[in-house]
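Q: everything below, folded, please.
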Amino acid sequence: MQLSHIRPVAAAKFDDPNLVSCAGLVPTVALAQQCDLGALADERLTVPTDKGANAGRKITSLVAGMVAGADSIDDMALLRHGAMGTIFDHPYAPSTLGSFLREFTFGHVRQLDAVGSRFLCGLADRTPIVAGIDGTVFVDIDDTIIEVHGHGKQGSGYGYSGVRGLNALITTVSTERAAPVIVGQRLRKGSCGSARGAARMVSDTLATIGGLRAAATDTAAGVGVGAAPKVLVRVDSAFYGYRAVRAAIRGGADVSVTVRQTETVKAAIAEIDDSAWTPIEYTDAVYDENTGTWISRAEVAEIDFTAFTSRPKSQQIPGRLIVRRVPDLNVEATDQGALFDTWRFHAFFTTTDLDIVTADKTHRQHAIIEQVHADLKNSALAHLPSNHFSANAAWLVCAVIAFNLTRAAATLTGAPRLVKATTASIRRTLISVPARIASSARRLTLHLPTDWPWETAWNMLFDSVFHRHIPIIG
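A: Here you go, the predicted structure:
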């Protein structure tokens, strides 16, 4: 592609007051209003002084800016270009939104957490964002370091990654039919341990899932809420501790948690018989059609295991230790060949009754939460915009609300490719669509580009929001 020689571009002017660059905000903000985002914020938030006035509109503005691609307070200026002031009532200036965030305290952040969880339940009632919630549900918990620069950020420090930043604890929920949505978030100082506050996060998440199951009962499957399978909580070894595991068990969930190679775990692995190992589908595995088995160097086995045996008997948790072993390729080379393979072992503790191959494959899918971390950091969490810790904590909650809202909007399109797409892909196809407004009889019409590749999906979203046409997701 090259510039036209027939009609060369001679000039450019920013002089059209009837243009907008992100027409996808119209159905998306309408969806947020239908799920009572502004009303929930007005009801729950008690931010003081005049800077906390109209909390619902300010939270909606922050979320809308993030949906459109803002990753800093200054970027909120994109809500005030062209015809945005005609389509939306009173878009706030970035300075006003920044002053609003700086008034937050920890208590106000917890109030905003409550807004986010209730808004997610509203989205579940209005859209198929958690389709299949009454079936198998996976909860993944992990933390990530959001890098910051300079010493002005309150709470910043060096954690396990060696990078100066703040620590964000994220909890996601996914099903066999739905992409992950975020149901819990907490900003912490950069030097804190991963497991800090995890038990509370698990309890809050399981309570939210109960609300989601009540809001989005899967009538097609004919499964009642009371008969729903147990939730599976998946975490890595940083969260292997009594408090987090016990919180999941008390909440009626199963656990699948990576364990550290302690002496107790090593002793249990040593007791596994050589005949108990089963080859699995893994890197470089080959499927043998004649025998119906995988020819693989990776193998799994299981052994009964009781976690936390150093605690009183009433606090010990019985389950299984499932171990995956792969050849150790880092063994020091010698001129004499090895008499036997040297293995690396990866073990996790689980209370499920899945067969060992399925349990191992399911546990490895915990890595999906890393994609959510990357998605957030490619969007609103590219920066933490304030020097105030509580303002950044509120920014994190707004980023999570924007993530879930974008995901919900994509599910209304009925397009399988968009239902599980990243935020950047959804923004490029549905949100960042230019439009010209025209007014007639006190009503606005959006004129969008012809031959837009995702016109069908955009129209489905628009019709679903304004005409209640709920698409069926296959």
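
Q: can you show me the helices along the stretch 151-300 of the chain?
A: 198-215, 242-250, 263-270 (DSSP state H, counting those that start in this stretch).

Q: and if you look at the stretch 301-450 of the chain?
A: Under the criterion DSSP H, counting those that start in this stretch, the stretch 301-450 of the chain contains helices at 356-364, 368-377, 389-411, 416-419, 423-426.

Q: which of the ones you listed sits most buried?
A: Highest mean neighbour count among the helices of the stretch 301-450 of the chain (mean count of other C-beta atoms under 10 Å): helix 389-411, with a mean of 26. From N, CA and C alone the C-beta is placed, and that goes for glycine too.

Q: average pLDDT across that helix?
A: Averaging pLDDT along helix 389-411 yields 96.

Q: only the C-alpha atoms, please, for it, written as CSV.
A: The C-alpha trace of helix 389-411 is given here as CSV (Å, rounded to 0.1, in the frame of the first residue of the first chain):
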residue,chain,number,x,y,z
PHE,A,389,-1.0,4.5,47.1
SER,A,390,-4.8,4.6,47.6
ALA,A,391,-5.2,6.4,44.3
ASN,A,392,-3.3,3.7,42.5
ALA,A,393,-5.3,1.0,44.3
ALA,A,394,-8.5,2.7,43.1
TRP,A,395,-7.0,2.9,39.6
LEU,A,396,-6.4,-0.9,39.7
VAL,A,397,-10.1,-1.6,40.6
CYS,A,398,-11.3,0.7,37.8
ALA,A,399,-8.9,-1.2,35.4
VAL,A,400,-10.5,-4.5,36.5
ILE,A,401,-14.0,-3.1,36.0
ALA,A,402,-13.0,-1.9,32.5
PHE,A,403,-11.5,-5.3,31.7
ASN,A,404,-14.7,-7.1,32.7
LEU,A,405,-16.9,-4.6,30.9
THR,A,406,-14.9,-4.9,27.7
ARG,A,407,-15.1,-8.7,27.9
ALA,A,408,-18.9,-8.5,28.5
ALA,A,409,-19.4,-6.3,25.4
ALA,A,410,-17.5,-8.7,23.3
THR,A,411,-19.7,-11.6,24.4
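
Q: about what we covered before: Lys189: which of the helices of the stretch 151-300 of the chain is closest?
A: Relative to Lys189, the nearest member of the helices of the stretch 151-300 of the chain by C-beta to C-beta is helix 198-215, separated by 15.3 Å.

Q: mind listing what's buried along that closest one?
A: 198-199, 201-206, 208-213, 215 (16 or more other C-beta atoms under 10 Å).

Q: same check, this time on stretch 230-246
A: Buried-residue list, stretch 230-246, by 16+ other C-beta under 10 Å: 231-241, 244-246.

Q: then stretch 188-200?
A: Applying a neighbour-count criterion of 16+ other C-beta under 10 Å, one finds Arg188, Lys189, Gly190, Cys192, Ser194, Ala195, Gly197, Ala198, Ala199 buried in stretch 188-200.

Q: poorly predicted segments of the stretch 101-250 of the chain, please.
A: Scanning the stretch 101-250 of the chain for pLDDT under 70 picks out the ranges 216-227.

Q: minimum distance to Phe348: which of the helices of the stretch 301-450 of the chain has it?
A: Of the helices of the stretch 301-450 of the chain, the one closest to Phe348 (C-beta to C-beta) turns out to be helix 356-364, at 5.3 Å.

Q: which helices and strands does the closest one pack with?
A: On a contact count with 3 or more C-beta pairs under 8 Å, 6 or more residues apart in numbering; DSSP states H and E, helix 356-364 meets strand 231-235, strand 254-258, strand 299-307, strand 317-327, strand 343-350.

Q: restricting to C-alpha, output it in PDB.
A: Output of helix 356-364 as PDB, limited to C-alpha atoms (Å, rounded to 0.1, in the frame of the first residue of the first chain):
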ATOM      1  CA  ILE A 356      -4.000 -38.100  37.300                       C
ATOM      2  CA  VAL A 357      -3.600 -37.200  33.600                       C
ATOM      3  CA  THR A 358      -6.600 -34.900  33.700                       C
ATOM      4  CA  ALA A 359      -5.600 -33.400  37.000                       C
ATOM      5  CA  ASP A 360      -2.100 -32.600  35.800                       C
ATOM      6  CA  LYS A 361      -3.400 -31.100  32.500                       C
ATOM      7  CA  THR A 362      -5.900 -29.000  34.500                       C
ATOM      8  CA  HIS A 363      -3.400 -27.800  36.900                       C
ATOM      9  CA  ARG A 364      -1.000 -26.700  34.200                       C
END
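
Q: what's the spacing between that helix and its chain's center?
A: Computed by C-alpha atoms, centre = their mean, to the nearest Å, the chain-centroid distance of helix 356-364 equals 22 Å.

Q: who touches it?
A: Contact partners of helix 356-364, identified using C-beta atoms under 8 Å, 6 or more residues apart in numbering, comprise 138, 232, 234, 256, 258, 278, 280-281, 300-302, 320, 322, 324, 348, 350, 352, 354.

Q: quick one: buried ones out of these?
A: Neighbour-count burial (16+ other C-beta under 10 Å) is assigned, among the contacts of helix 356-364, to 138, 232, 234, 256, 258, 278, 280, 300-302, 320, 322, 324, 348, 350, 352, 354.

Q: next one: the residue nearest the centre of the chain from Leu430, what distance?
A: Central residue of the chain (C-alpha atoms, centre = their mean): Ile182, 3.9 Å from the mean position. Going from Ile182 to Leu430 by C-beta to C-beta, to the nearest Å gives 19 Å.
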